[in-house]
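> quick one, what's the 3D model for this:
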Amino acid sequence: MKCDKIKSEDIGEMMLDMQGKLKGKKIDQSVHCQLLCELTVRHNLPYAFVKYPELRNWISYLCPDAIRVTRNTIKADIGRMYDKEKLMLKNLLAFIPSRICLTSDLWTTINIEGFIALTAHFVDLS
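Residues are numbered from 1 along each chain as shown. Here you go, the predicted structure:
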């Protein structure tokens, strides 16, 4: 028989606290930091995003054991994430069986600030 009040499929994920109430297991801090980095990069948020009081309150509400991340930590983690992705892309491009076709696009903003976009097209092994 299964208790309808427990929402988790794996009872091993649940623990009892000192008062005998169910509580979730501790979170993995490295995954926590990785997810914050991905959120910051994907939505082009400032590094100081992790200092927003609303975000800190929300994370504390979800998991009081979560370590607060600083903007310097996020900056360093995003730098490491960039280096890792860059290395993966270099390895991918090193083993493609065909040529790479480059397309560029130039434009200027209303403030006369110039930009260039470079797009690489290639056929990979998959």
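> quick one: average pLDDT of stretch 37-57?
For stretch 37-57, the mean pLDDT works out to 94.
> show me what counts as buried in that stretch.
The neighbour-count check on stretch 37-57 (16 or more other CB atoms under 10 Å) flags 37, 40, 50, 55 as buried. C-beta: built from backbone N, CA, C; applies to glycine.
> okay, now the nearest residue to residue 108 once chain neighbours are set aside: neighbour count?
Nearest non-adjacent residue to residue 108, counting by CB to CB, 6 or more residues apart in numbering: residue 114, 5.2 Å away. When neighbours are defined as other CB atoms under 10 Å, residue 114 has 8 of them.
> so residue 114 touches residue 105, yeah?
No: with contacts counted by CB atoms under 8 Å, residue 114 stays clear of residue 105, the gap being 11.6 Å.
> which member of the buried residues of stretch 37-57 is positioned nearest residue 87?
Proximity of the buried residues of stretch 37-57 to residue 87, judged by CB to CB, is greatest for residue 37, which lies at 16.4 Å.
> tell me which helix or strand the closest one sits in.
Using DSSP states H and E, residue 37 sits within helix 29-42.
> elements contacting that helix?
Counting contacts by 3 or more CB pairs under 8 Å, 6 or more residues apart in numbering; DSSP states H and E, helix 29-42 packs against helix 71-94.
> compute the distance between the most centrally placed residue in the chain and residue 114, please.
The residue lying closest to the centre of the chain (CA atoms, centre = their mean) is residue 38, at 2.0 Å. According to CB to CB, to the nearest Å, residue 38 and residue 114 sit 30 Å apart.
> kindly report the same for residue 37.
Plainly put, residue 37 is 29 Å away from residue 114 if you go by CB to CB.
> and what of residue 76?
30 Å.
> lovely, talk soon.
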